[in-house]
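Novice: coords please:
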Amino acid sequence: MSREELQEQQPKKAKTKLNKMSADPVFLEQLKKSSRTRNLLIVFIILLLLGLGALAYLGYDLLFLKQQDNGLTAITPPPTDIDNVVEDNTSSNQVTIKTTTIPPLASFFGLTMSEVHDLLGDDYVLTKTDEASDADNPAVKQLVVFTYQPSGSTGTPASVVVPNIYLSLDDKDIVVGVYLMSSFEVLGYPPATFVSFVTTQDMLFNMLRAAGITPAASYSFVSPTAAEYTIFADPSAAVKRVKKEEFVFSGPSSSQTAPTVWQVKLSYDYGAIGVPQGATTTPNQRIISISLR
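Specialist: Purely as a prediction, here's the structure:
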């Protein structure tokens with residue numbers, strides 16, 4: 001047989017063999033399984049690539065946010081327990097005071113002085129009663145002050161302002177206004193930069209929630225700029241020194257009855273001389289003030 005005849009018969013034999021295999025049910029089943037396996041493998045590879053892409057994006061996003069943080073410190077809300085203490089070791093006699101939390105200030109409205117004292121408990125002591133007036137609220141006739149003096153404390157650290165609650169009473173001795181002033185430390189807030197507090201919406205809302213206030217739906221949180229909260233010892237000096245960082249948030253509450261207006265003032269005091277701008281310095285005092293009316 002010639003070479004040309006052999007070449008013509010080889011494709012015919014291959015085609016005949018392929019036809020026989022195609023007609024074989026075992027072969028067809030194997031072919032189907034192979035196709036399913038291939039499809040599953042393709043899906044798995046696609047899902048794996050999507051997962052790796054998501055992880056890469058998340059990693060980049062976290063790195064980007066960290067770089068954009070510019071020194072902001074994450075703030076943990078104050079603990080709910082009151083067994084912690086603030087200590088002052090600057091003198092030979094160690095001074096400690098038990099920490100507390102922001103009282104439910106909004107619930108004081110409509111109560112008498114004695115009813116408020118019952119809510120505050122024995123850790124608060126009546127320290128002042130006096131006649132008073134308020135240009136913004138003509139109903140105010142008397143001012144009452146309760147001061148935080150917990151049992152077991154050995155005094156008040158020099159740099160700390162203990163919580164003082166000022167109650168404005170009307171001519172029927174009913175509370176029509178409340179004001180709280182305290183150091184951050186006694187209310188359980190950890191050390192953090194001022195910018196961390198004033199740029200954290202959740203922290204502001206947590207303070208208001210503890211006081212019993214829900215901001216109105218119309219209120220929109222806006223972080224202040226450094227120029228808005230920085231007070232210099234000498235604004236005209238060539239080298240500026242920061243005397244204080246201070247900012248006031250205010251807005252309406254969601255309540256239709258008093259208190260309908262709230263105000264939160266945060267303040268870091270660095271002393272009369274001040275500290276170099278941009279320096280990482282512990283303030284002399286850190287004060288929270290909350291006003292409701």
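Novice: can you pull the contacts of Lys194?
Specialist: You called it Lys, but residue 194 is Phe. Residues in contact with Phe194 (CB atoms under 8 Å, 6 or more residues apart in numbering) are 229, 245, 266, 268, 283. (C-beta placed from N, C-alpha, C; glycine too.)
Novice: What about the last one, how many residues nearby?
Specialist: This points to Pro283. 20 (other CB atoms under 10 Å).
Novice: Need the nearest residue in space to it, chain neighbours excluded.
Specialist: Distances taken as CB to CB, 6 or more residues apart in numbering place Tyr268 nearest to Pro283, at 4.1 Å, with adjacent residues excluded.
Novice: just for the stretch 51-200 of the chain, where's the confidence low?
Specialist: Applying pLDDT under 70 to the stretch 51-200 of the chain flags residues 53-94, 155.
Novice: returning to that earlier point: which other residues reach the host helix or strand of the residue nearest to Pro283?
Specialist: Assigning secondary structure by DSSP states H and E places Tyr268 in strand 261-269. Contacts with strand 261-269, where a contact means CB under 8 Å, 6+ apart, come from 194, 197-198, 204, 207-208, 211, 213, 215, 243-253, 283-293.
Novice: What residues sit buried inside that strand?
Specialist: Residues 261-262, 264, 266-269 are the ones in strand 261-269 that count as buried (16 or more other CB atoms under 10 Å).
Novice: quick revisit: now, among the contacts of Phe194, which is nearest to Thr37?
Specialist: Nearest to Thr37 out of these is Leu266 (CB to CB; 63.5 Å).
Novice: Secondary structure element holding Gly271?
Specialist: Using DSSP H and E, Gly271 falls outside every helix and strand.
Novice: do the same with Arg36
Specialist: Assessed by DSSP H and E, Arg36 sits inside helix 25-68.
Novice: which ones are touching Thr127?
Specialist: Thr127 neighbours (CB under 8 Å, 6+ apart): 145-147, 164.
Novice: how about a cut-off of 6 Å?
Specialist: Residues in contact with Thr127, defined by CB atoms under 6 Å, 6 or more residues apart in numbering, are 145, 147.
Novice: can you put the buried residues of strand 261-269 in JSON lines and add distance to Glu115?
Specialist: Listed next are the buried residues of strand 261-269 as JSON lines, based on distance: CB to CB, whole Å:
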{"residue": "Val261", "distance to Glu115": "22"}
{"residue": "Trp262", "distance to Glu115": "22"}
{"residue": "Val264", "distance to Glu115": "25"}
{"residue": "Leu266", "distance to Glu115": "30"}
{"residue": "Ser267", "distance to Glu115": "31"}
{"residue": "Tyr268", "distance to Glu115": "35"}
{"residue": "Asp269", "distance to Glu115": "34"}
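Novice: neighbours around Ser114, how many?
Specialist: Using other CB under 10 Å, Ser114 has 9 neighbouring residues.
Novice: same check, this time on the one 3 residues further on
Specialist: A count of neighbours around His117, defined by other CB under 10 Å, yields 18.
Novice: In whichever helix or strand it is part of, which residues are buried?
Specialist: His117 is located in helix 113-120, with elements delineated by DSSP H and E. Of all the residues in helix 113-120, those buried under the rule 16+ other CB under 10 Å are 113, 116-117, 120.
Novice: swap in stretch 267-277?
Specialist: By neighbour count on 16+ other CB under 10 Å, the buried set for stretch 267-277 is 267-270, 274-275.
Novice: and the lengthiest strand in the chain with strand 261-269, angle?
Specialist: Criterion DSSP state E: the longest strand present in the chain is strand 241-252. Orientation of strand 241-252 against strand 261-269 (axes from the mean of the first three to the mean of the last three CA atoms, to 10 degrees) gives an angle of 170 degrees.
Novice: Within its sheet, name the partner strands of strand 241-252 and how each one runs.
Specialist: When sheet partners are counted by DSSP bridges, strand 241-252 sits next to strand 230-232 (antiparallel), strand 261-269 (antiparallel), strand 275-276 (antiparallel).
Novice: of all those strands, which lies closest to Pro104?
Specialist: strand 261-269 (13.3 Å).
Novice: Kindly state the beta-bridge partners for Leu169.
Specialist: If you apply DSSP bridges, the partners that Leu169 bridges to are Gln142, Val175.
Novice: how close does it sit to Ile102?
Specialist: To Ile102, Leu169 is 21 Å away according to CB to CB, to the nearest Å.
Novice: Next: Thr112.
Specialist: 22 Å.
Novice: And those two? Which one has more around it.
Specialist: Ile102 (21 against 16).
Novice: The residue nearest to that one when sequence neighbours are not counted - how many residues pack around it?
Specialist: Nearest non-adjacent residue to Ile102, counting by CB to CB, 6+ apart: Ala210, 3.9 Å away. Neighbours of Ala210 under the rule other CB under 10 Å: 18.
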